[in-house]
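>>> sequence first, then the predicted structure:
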Amino acid sequence: MTTQNPRTTTRLTTATMRIFDLSLGQMLWSRRSVFLAIVVAGPVLLAAGIRVVVTISGRGLPMINGSPVTGGAVFGLLVWLLYIRFIVPVLGVFYGTSLIADEVDDKTITYLFTRPISRAAVFLGKFVAYLTCTALLILPSIVLVYFIVVPLGGGSIGAGFPSLVADLGMLIVGLIAYGALFGLVGTRLRRPLVVGLIFIFGWEPGVLLFPGYLKQATIAYYLQALVPQAMPADESVVGGILQVFNEVPSVWASLATLAVLTAAALILAARAVQNREFVLDQ
Amino acid sequence: MTTAVVAAEHLSKWYGQVIGLNDITLSVPPGVTGLLGPNGAGKSTFMKLVTGQLKPSQGRIAVLGEPIWSNPSLYFRIGFCPEQDAFYDRMTGLEWVAALSGLNGITASEAEQAARRALAIVELEDVGHRKIGGYSKGMRQRVKLAQALAHDPELLILDEPLSGMDPMARRKTIRLIKEWGKSGKSVLVSSHVLHEIESMTSNILLINQGRILAEGNVHQIRDLIDEHPHSVHIRADSPRRLARELLSADDLLSLKFEDDAVVVQTARPDAFYARLTELAASDVCGAIHEVTSPDDNLQAVFEYLVKP
C-alpha cells in the first residue's frame, strides 16, 4: 500500500463532508429518527382530522369577528403552535445535544478522533447531517399539512404557495438555530438533554408570555417574526395570547440575530470539541 | 541513534482523584513492542495518551517525534485499533473501512481501494459486503485492524487486538503483526496475556498500577509462566468433544465446563495454544468460536514481581 501521507490535515470542508457522509445514514436509521418520525406525523393526522370534521359537518371553518377563518390561517396556526413551538425545538434538543454524545456513548468517537482531521470537522459534519436528517423528517410533514388544510374554506393552494416556501425556510432557520444552540449545550454541559428540555418547555414559553426584554433571550421570539401568515385575531383569551406573540422584531433583525447566535454557538461548540477530552467508559 | 517512536517524560494522567498513570518516563524503540499489564494497570490510559485522545495531566509525550495532543496531522502516520467492540453496525465492513480511510484526505475511489487491500490483508475480503452487525467477534476484531492499517501507517497502535479471536485468526493476526514489524514499521501492542505478547515480540513494557515496572527484553517473565498456571476460556460448538481432545495430551492442569465453553488451566501455554490451533484447523471437534484468557494469570505474575 502506497498511500501518500500529506503533512497537513484534511481540509475542514472536505473533512466536514466526509463526516456528513459517514453520519447521515446512521442518523436517518436511528431509533431516535423513527420515534421523531412518529412525532412529525402528528400534525398530519391532526390536519386530516380537521379536514374530515369540516367536510362531514358541512359548516366550514368557524367565524371570527364575522369573517370566516381561512385554511391558510389554520395552516399558519398549526405551523406556529406545532412546528415552531414544539417540533422544531424538540428535534433541535434531541439531535443537537447528541451530536457528539452518541458517538461517545457508542464508543465510536475514537475512530473519528484518531484521523488527520480537525475535531471541529467532526462536530460540523454531524451538524450538517442533523440538518439534513431533520429537514427530511419535517418537510414532508409540513407539505402534507399544507395540502390538507389550505383548501379548507375555499383557500387556494397556488396562491398560498409563497407562504409555504417562507414557512419551509423559517423551519430550516429554526432547525439551524436550535441545533446550533443545543449542539453547544451538548458539548459544554453535563446533562444537556435536561437543560435543553427545560429551555424549550420552561424558559421559552414562560418568558414569551410576559412583556419586557427577557423574551429576547429565546429563539422563538426571533422565529415568530418570520411567520408569514397573519395570526387569526379575536377578543378571546386565546386571541389575547396570540397578540402577545405578535410583539416581534423585524424580519431582518431576527435573521441577523439568529445568524449571529448560530455562528457563535457553532464556533464555541467546535472549540469545545477541539479542546475537550472525551473519556469513554471502560 | 534510533529515534523513539514513543517517548514519555514524567508522564502522569489522573481522572479527578483517580491516578491512571503515575510519572512514567520511557522510550519505545522502532519495531514491535508489547505493553503488558493486568486490567486496570493503566494500559488503556497509556494507549489513549499515545493516540492523543487524552491530554497529559503532567509531563510530555511525543509520538514519532511530535506531540500528539491537538496534532491531527500526525494521524496520517499512525493507525489505531482500539479495544472497544464498537462499530457502525449498519455499515458493511467495506463501507466502514472505506469511510474511515476517506478521512485521510484521499478520494472516495482511493479510499475504497485502500479498504479492499486492508480487508484482504486481514482476510475479510469475502465478507466485506456484509453488515458488521452480522460479523463474529473475531471478524469484528479483524475489521478494526483493517481500518487501522488501511492508510499504511508508520506506527500501528493495537489495544488488545487478539481479544475474542478464534485460534486461527489469532495465529494469522500474530503473524501479521510480526510481518509488519519486519517490514520496518513499528507496532505498539497491548495485552493482559503474557503468552500473546511473547508470541509477537520480546520487547516488552510491563505496566502495573499506573507505573512502568520494567522495559526491554524481559526474559525472566517467560520463566514465571511455568510457575503460574495459565487459564484459557474456549467457546466452542461442542465443548465435550473439545474437552476429550484436549485431555489427550499432558499439558493441562485442570479442565471444567461453563455453558458452551471449556475452561482449562495449563502450565505450558505455548504447547497448549499450538495444539488448540491445530484442533481448530482440523475441525475434529467442531468450530471454536472464541478464545479468551482472564487477567488473573498475569495478576499472579505481577503480584509475585512486586512482592517485597
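Noted; the coordinates are in hand. Note that the structure is a prediction, hence the values are computed from the model and not measured.
>>> remind me which residues of chain B are low pLDDT?
Low-confidence segments of chain B, defined by pLDDT under 70: B:1-2, B:218-228, B:294-308.
>>> apply 50 and report the result again.
Across chain B, the ranges flagged by pLDDT under 50 are B:1.
>>> now do the helices in it.
For chain B, the helices identified by DSSP state H occupy B:43-50, B:93-102, B:108-121, B:137-149, B:167-182, B:194-200, B:219-227, B:239-246, B:269-282, B:296-306, in order along the chain.
>>> and the second one, C-alpha only, in CSV?
Translated: helix B:93-102. Taking only C-alpha atoms (Å, rounded to 0.1, in the frame of the first residue of the first chain), the coordinates of helix B:93-102 have been written out as CSV:
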residue,chain,number,x,y,z
GLY,B,93,-17.1,-3.9,6.5
LEU,B,94,-16.0,-2.4,3.2
GLU,B,95,-18.2,0.7,3.6
TRP,B,96,-16.9,1.3,7.1
VAL,B,97,-13.2,0.9,6.4
ALA,B,98,-13.6,3.0,3.2
ALA,B,99,-15.4,5.7,5.1
LEU,B,100,-12.7,5.9,7.7
SER,B,101,-9.9,5.8,5.2
GLY,B,102,-11.7,8.7,3.3
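>>> so what's the residue nearest to residue B:203 when sequence neighbours are not counted bridging to?
Nearest residue to residue B:203 in three dimensions, chain neighbours excluded: residue B:33, at 4.8 Å (C-beta to C-beta, 6 or more residues apart in numbering or on different chains). No exception for glycine: its C-beta is placed from N, CA and C like everyone else's. Legend: beta-bridge partners of residue B:33 under DSSP bridges are residue B:188.
>>> tabulate the helices of chain B (a markdown table), appending mean neighbour count and distance to chain A.
Listed next are these as a markdown table, based on neighbours: other C-beta atoms under 10 Å in any protein chain shown; distance: least, C-beta to the nearest C-beta, whole Å:
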| stretch | mean neighbour count | distance to chain A |
| --- | --- | --- |
| helix B:43-50 | 25 | 7 |
| helix B:93-102 | 25 | 5 |
| helix B:108-121 | 19 | 6 |
| helix B:137-149 | 24 | 7 |
| helix B:167-182 | 18 | 12 |
| helix B:194-200 | 23 | 20 |
| helix B:219-227 | 13 | 25 |
| helix B:239-246 | 18 | 29 |
| helix B:269-282 | 18 | 26 |
| helix B:296-306 | 18 | 17 |
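>>> for residue A:93, find the nearest of those helices.
The stretch from the helices of chain B with the least distance to residue A:93 (C-beta to C-beta) is helix B:93-102; that distance is 27.7 Å.
>>> what angle sits between the closest one and helix B:108-121?
For the pair helix B:93-102 and helix B:108-121, the angle between their directions (axes from the mean of the first three to the mean of the last three C-alpha atoms, to 10 degrees) equals 120 degrees.
>>> give me the contacts around helix B:93-102.
Helix B:93-102 is touched from outside by A:18, A:21-22, A:111, A:115, B:87-88, B:91, B:108, B:110-112, B:114-116, B:118-119, B:124, B:127-130, B:132, B:135, B:139, B:143, B:146-147, B:150-151, with contacts defined as C-beta atoms under 8 Å, 6 or more residues apart in numbering or on different chains.
>>> then stretch A:90-101?
With C-beta under 8 Å, 6+ apart as the contact definition, stretch A:90-101 has outside contacts at A:27, A:32, A:36, A:39, A:109, A:122-123, A:126-127, A:130, A:133-134, A:137-138, A:174-175, A:177-183, A:185-187, A:192-193, A:196-197, A:199-200, A:273, A:278.
>>> need the buried ones from the residues you listed selected in PyMOL.
A single PyMOL command is used to select the members of the contacts of stretch A:90-101 judged buried by 16 or more other C-beta atoms under 10 Å in any protein chain shown:
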select buried, chain A and resi 27+36+39+109+122+123+126+127+130+133+134+137+138+174+175+177+178+179+180+181+182+183+185+186+187+192+193+196+197+199+200+273+278
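>>> ok, and which of the contacts of stretch A:90-101 reach chain B?
When those are filtered against chain B using C-beta under 8 Å from any C-beta of the partner chain, the residues retained are residue A:278.
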